[in-house]
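Trainee: got a predicted structure plus its sequence, pasted below:
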Amino acid sequence: MAEDFVIAIEGLAATRSLESLPKNMLLAAQRAVNRTADRASTASRRGVREQINFGAQYLTGTDSTGKQRLGVSKRANAGSLEAIITGRQRPTSLARFVTGNPQPGKAGVNVSVAPGFARFMRRAFLLRLPAGRTDLETKSNLGLAIRLKPNEVIHNKRVMLRLRGNLYLLYGPSVDQVFASVREDVAPDAEQFLGGEFVRLMGLDL
């Protein structure tokens, strides 16, 4: 599980009493942090989509629990000069990456997880799941499943979830997993922008 991406102005965020800061400095810091968070959030979603075929609206949208899949989960305010970017940690059904319009129950689907690459899964098939399932991010309530042969060994249990008997549900990376590899690329720009934006705002009559 990756940690949240925390954005804060070093020194100010650790100040015990924010009330002791000049009003213009407090407001400038708050705005700078939030603008940086929005910028870093947009860059993070772009970076994630460069690695995995998540749609733009999918990442900006919310899951069944009402939480945004990748975005600013906490904004800076007068009482806390830090913002947090969070990626959804629930597994993503591999059905979301199925291309074409295969019929549920019919084996043989093409799956494209990474942009520009597709894989034909001869034994996998779409499966309708019970409504209201919240432990998995599905597509139109469909999952991608596979039936194992007797005594067949699962070599990668991290990408499978047993439903019943020899029936397994397949899933791909969570948004959080991909975000973990992107955040380090976003951090330098966010740090530079935050410092410059804070200085710029301090020069204004806030």
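Mentor: Okay, I see it.
Trainee: going forward, measure contacts and count neighbours with C-alpha atoms only.
Mentor: Noted.
Trainee: in the protein, which spans are helices?
Mentor: Counting by DSSP state H, one finds helices in the chain at the ranges 23-51, 56-60, 175-202.
Trainee: mean neighbour count, those helices: which tops it?
Mentor: Sort the helices of the chain by mean neighbour count, taking mean count of other CA atoms under 10 Å, and helix 23-51 sits at the top with a mean of 21.
Trainee: circling back to that earlier point, can I get the helices of the chain in CSV including mean pLDDT and distance to residue 144?
Mentor: Output for those, formatted as CSV (pLDDT from 0 to 100; distance: least, CA to CA, whole Å):
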stretch, mean pLDDT, distance to residue 144
helix 23-51, 94, 21
helix 56-60, 89, 18
helix 175-202, 93, 18
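Trainee: with respect to residue 94, which of those lies nearest?
Mentor: Proximity to residue 94 (CA to CA) singles out helix 175-202 among the helices of the chain, at 12.6 Å.
Trainee: same for the closest one, what does it pack against?
Mentor: helix 23-51, strand 82-87 (3 or more CA pairs under 8 Å, 6 or more residues apart in numbering; DSSP states H and E).
Trainee: could you save those as JSON lines and add columns showing distance to residue 175?
Mentor: Output for the helices and strands packed on helix 175-202, formatted as JSON lines (distance: least, CA to CA, whole Å):
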{"stretch": "helix 23-51", "distance to residue 175": "8"}
{"stretch": "strand 82-87", "distance to residue 175": "6"}
